[in-house]
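Trainee: I'll drop the sequence and a predicted model, then ask my questions.
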Amino acid sequence: VNLAVGKDGGNKSSPLLYGMMFEEMDHSGDGGIHGQLLQNNGFQGSTLGLTSYAPVGDAQISQDFLSPVSAAIKSSLSVSVPEGVSDYVGFANTGYNGVPVMNATYNTSFWIMGDYFGTINIQLIGSHSGIVYADHNLTVQSMASTFKQFSTSFESKESPDGDNEWHLTFDGSKIAGSSLNFGYIQLFPPTYHNRANGLRNDLATVLAEVNSTFLRFPGGNNIEGLQVDSRWKWNTTIGPLVDRPGRDSDWFYPNTDALGLDEYLWWCEDMNMTPLLAVWAGKSYGDILSGSELEPYVEDIMNELEYILGNSSTPNGKLRAQNGHKDPWKVDYVEIGNEDDLTHGCATYPDRFNQIYKAIHDKYPHVTLVASNGDYNCLPSPLPEGVIIDLHLYRQPDDFVALFNQFDNQPRNQSVMIGEYGCRNTTDAKGTYWSFMQGSCSEAVYMIGMERNSDIVKMAAYAPMLEHFGIISWSPTLYGFDSSPGSITPSTSYFVQQMFASNKGDTILPVKTSSEFGPLYWVASRTGSQYFVKLANYGPDEQNVTVSIPDTHAGRLEMLAGTQFQGNQPHNIAVQTVTSTVQGDGGKYTVINNKNADKDVARE
Ligand code: AHR
């Protein structure tokens with residue numbers, strides 16, 4: 001195949017094209033990218049009971065609803081010590097399928113109520129091996145009448161596996177015949193940009209290396225709520241952690257909401273991503289509210305936007321400043337709902353959309369609004385000017401390839417966003433439920449189609465983002481992990497996203513060729529004198545491609561290549577991007593995909 005890249009003449013390309021979608025699912029946040037490592041640390045939600053807790057030594061533990069830590073954290077852990085105990089006793093927390101223990105500084109904190117003046121011992125310890133990786137004492141003086149918080153930090157040695165727990169013990173002889181109450185325990189490893197209540201540095205660093213341009217949050221289904229009252233509520237995810245009640249989520253486990261609205265926005269700021277905030281638009285899995293019933297919730301959206309965008313003389317802007325961000329956050333994109341009538345036969349979304357659109361647009365005309373039915377149906381007609389339509393696509397590999405030209409003939413005055421997409425091969429007989437080369441290559445083909453049309457395809461987010469391999473409800477995701485060292489595993493799709501997001505020009509260029517698209521697909525772009533050519537070979541045969549690029553003589557070639565079902569597994573990253581330098585003979589470059597690979601995406 002011979003491709004001759006033109007110098008001029010293509011369409012402008014959206015600078016936000018390749019972004020990311022995050023919602024709390026698969027323990028992507030709690031026990032995932034949010035740094036806190038102890039599960040059920042505030043007994044939030046209604047389903048967990050004593051999950052992750054165990055007594056240490058001669059003590060008994062129970063969940064105590066009569067001694068709440070705060071109005072939001074409605075219970076605590078009672079540790080009662082029998083008469084005659086003379087040893088250290090306490091309790092363990094086993095984290096999210098184990099506590100990852102690294103060679104690092106950890107911060108831990110907990111609240112205590114009970115009359116105790118003495119030593120608290122904190123350990124990170126192998127659950128079955130009993131090997132102690134960290135052992136740290138602090139002296140506390142707690143009171144019988146009220147909860148008091150204590151914090152400390154300590155160094156740990158690395159554990160070879162994830163089978164570890166956090167222990168808190170105290171001098172049992174001082175409490176024998178009585179009890180102490182503990183609440184809202186926390187353990188943090190180093191965090192990204194050293195933020196308090198921040199992201200796990202290791203997982204966040206891998207994500208930052210994708211170079212995504214925007215973050216869509218906080219859902220996804222998880223914004224919707226199983227019932228109206230269990231929807232994601234912005235105002236219960238802000239402020240001191242001990243005042244956040246958490247919620248029963250849409251993805252089968254309680255959310256702590258420690259990763260809350262401000263934390264999402266810090267995340268965007270720290271990774272230089274444009275926030276795309278989804279707001280609740282009246283749909284839960286139980287009831288759907290519209291018309292006058294929706295009005296209080298529209299006001300709630302306006303309060304949320306005042307919190308984010310208002311100056312600190314407004315009531316909600318003042319609250320934001322008190323919570324640590326003096327200036328308004330920069331939020332220019334707001335999505336109205338998530339897949340809001342997809343399963344409800346277009347009943348109410350057009351009206352709900354218009355109601356919310358009007359309120360937001362009147363007050364914040366600079367904010368671009370996104371309509372979120374997940375497809376082109378159930379939208380208001382006409383759609384207000386400037387609104388972006390969000391499309392969601394989870395598809396089998398061949399279906400993504402068939403959609404390569406989806407946007408070629410769309411009206412150029414209607415912008416779209418692919419707010420969620422990813423190859424999901426749930427029916428494959430080989431059981432490749434996790435990303436594999438053919439699927440990732442099909443995403444690359446689809447993305448080439450998007451990029452060619454990135455005058456109207458403004459934003460696109462691979463989804464979902466992250467899974468804890470041991471506790472999954474949806475797979476595949478961009479990358480995954482478990483508690484053991486070396487478990488962070490980028491999928492093959494991760495590398496596709498990284499290559500595409502890290503290399504894109506501001507203008508799409510025409511490409512002259514006598515070949516048709518398929519099985520090889522291409523797109524070229526440039527910014528100034530820097531050219532980018534993306535190729536994806538979806539066929540079983542090797543492709544020999546000559547690419548002529550004007551005014552150039554050398555370049556960098558990045559290639560991801562592997563056999564059809566090849567993928568990456570924890571502790572075995574078999575497929576990753578390989579980078580080399582290429583010389584162009586008079587601006588002509590030859591690219592041959594790896595002979596041993598039958599599915600291939602290459603870019604220069
Ligand atoms: O990404 C998983 C789910 O897929 C999202 O929560 C939802 O928006 C979509 O249906």
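Mentor: Now that the structure is in, tell me what you want to look at. Numbers count the residues shown, from 1 in each chain.

Trainee: how far does the host helix or strand of W166 sit from the chain's center?
Mentor: According to DSSP states H and E, W166 maps onto strand 164-171. Relative to its chain's centre, strand 164-171 lies at 31 Å (Cα atoms, centre = their mean, to the nearest Å).

Trainee: How about stretch 543-555?
Mentor: That offset, for stretch 543-555, works out to 37 Å (Cα atoms, centre = their mean).

Trainee: Read off the pLDDT value for G431.
Mentor: What the model reports for G431 is a pLDDT of 54.

Trainee: So which residues of the stretch 501-604 of the chain form strands?
Mentor: Ranges of strands in the stretch 501-604 of the chain, per DSSP state E, counting those that start in this stretch, are 507-509, 511-512, 520-527, 530-537, 544-548, 554-562, 578-583, 588-592, 599-603.

Trainee: Name the stretch among these that sits most buried.
Mentor: strand 599-603 (a mean of 28; mean count of other Cβ atoms under 10 Å). (Each C-beta comes from the backbone N, C-alpha and C, glycine too.)

Trainee: So for that strand, mean pLDDT?
Mentor: 40.

Trainee: Also stretch 145-160?
Mentor: For stretch 145-160, the mean confidence score works out to 98.

Trainee: Flag every buried residue along it.
Mentor: 147, 154, 156, 159 (16 or more other Cβ atoms under 10 Å).

Trainee: mind saving the C-alpha coords of it as CSV?
Mentor: Extracted in CSV, the C-alpha atoms of stretch 145-160 (Å, rounded to 0.1, in the frame of the first residue of the first chain):
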residue,chain,number,x,y,z
SER,A,145,-17.2,11.2,75.9
THR,A,146,-16.3,11.9,72.3
PHE,A,147,-14.4,10.6,69.2
LYS,A,148,-11.0,12.1,68.6
GLN,A,149,-8.9,11.6,65.4
PHE,A,150,-5.2,10.5,65.5
SER,A,151,-2.9,10.4,62.5
THR,A,152,0.6,9.2,62.0
SER,A,153,3.0,8.1,59.3
PHE,A,154,5.6,5.3,59.1
GLU,A,155,7.9,3.4,56.7
SER,A,156,7.2,0.0,55.4
LYS,A,157,9.2,-2.7,53.6
GLU,A,158,7.8,-4.4,50.5
SER,A,159,5.7,-7.5,50.8
PRO,A,160,6.2,-10.1,48.0
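
Trainee: For that stretch, which outside residues touch it?
Mentor: Residues outside stretch 145-160 that contact it (Cβ atoms under 8 Å, 6 or more residues apart in numbering): 69-70, 76, 100-113, 120, 122, 124, 126, 131, 133-134, 136, 138, 140, 142, 181, 183-184, 242, 484-485.

Trainee: that older thread, could the strands of the stretch 501-604 of the chain go into TSV alongside distance to N164?
Mentor: Formatted as TSV, these follow (distance: least, Cβ to Cβ, whole Å):
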stretch	distance to N164
strand 507-509	50
strand 511-512	53
strand 520-527	46
strand 530-537	42
strand 544-548	49
strand 554-562	34
strand 578-583	35
strand 588-592	46
strand 599-603	38
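
Trainee: okay, these in TSV with distance to the ligand next?
Mentor: Below are the strands of the stretch 501-604 of the chain laid out as TSV (distance: least, Cβ to the nearest ligand atom, whole Å):
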stretch	distance to the ligand
strand 507-509	28
strand 511-512	33
strand 520-527	25
strand 530-537	23
strand 544-548	34
strand 554-562	23
strand 578-583	30
strand 588-592	34
strand 599-603	23
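
Trainee: Out of the buried residues of stretch 145-160, which comes closest to the ligand?
Mentor: S159 (32.2 Å; Cβ to the nearest ligand atom).

Trainee: what about the closest one, is that helix, strand or coil?
Mentor: When classified by DSSP: H, G, I helix; E, B strand; the rest coil, S159 comes out as coil.

Trainee: for N354, same thing?
Mentor: Strictly by three-state DSSP, N354 counts as helix.

Trainee: Quick check: residues of the stretch 301-450 of the chain near the ligand?
Mentor: Residues of the stretch 301-450 of the chain lying near the ligand by Cβ under 6 Å from any ligand atom: 338-339, 392, 420.

Trainee: now this structure, which segments are flagged as low pLDDT?
Mentor: 342-345, 426-432, 594-604 (pLDDT under 70).

Trainee: Domain boundaries for it, per the record?
Mentor: Taking automatic domain parsing as the reference, the chain has its domains at 2-12+508-603, 18-34+192-282+331-505, 53-188.

Trainee: what's the burial count for G98?
Mentor: Using other Cβ atoms under 10 Å, G98 is surrounded by 21 other residues.

Trainee: give me the beta-bridge partners of it?
Mentor: G95 (DSSP bridges).

Trainee: Spatially nearest residue to the residue of the chain positioned farthest from its centre, not counting backbone neighbours?
Mentor: Here the centre of the chain is the reference, and by Cα atoms, centre = their mean the most remote residue is G84, at 49.4 Å. Spatial nearest neighbour of G84, excluding adjacent residues (Cβ to Cβ, 6 or more residues apart in numbering): A176 at 6.1 Å.

Trainee: what's the answer for A134, then?
Mentor: With Cβ to Cβ, 6+ apart, the residue lying closest to A134 is S156, at 3.7 Å.

Trainee: How about Y264?
Mentor: Per Cβ to Cβ, 6+ apart, closest to Y264 is F217, 5.0 Å.

Trainee: Helices along this structure, start to end?
Mentor: Taking DSSP state H as the test, the helices found in the chain are 201-208, 261-270, 295-309, 315-322, 349-363, 397-402, 437-452, 492-502.

Trainee: Output these as a markdown table; include the columns distance to L383.
Mentor: Conversion of the helices of the chain to a markdown table gives the following (distance: least, Cβ to Cβ, whole Å):
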| stretch | distance to L383 |
| --- | --- |
| helix 201-208 | 33 |
| helix 261-270 | 27 |
| helix 295-309 | 19 |
| helix 315-322 | 29 |
| helix 349-363 | 9 |
| helix 397-402 | 26 |
| helix 437-452 | 20 |
| helix 492-502 | 28 |
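
Trainee: Out of those, which gets nearest to K512?
Mentor: For the helices of the chain, proximity to K512 was assessed by Cβ to Cβ; helix 437-452 is nearest, at 14.5 Å.

Trainee: tilt between the closest one and strand 554-562?
Mentor: Computed by axes from the mean of the first three to the mean of the last three Cα atoms, to 10 degrees, the angle separating helix 437-452 from strand 554-562 equals 140 degrees.
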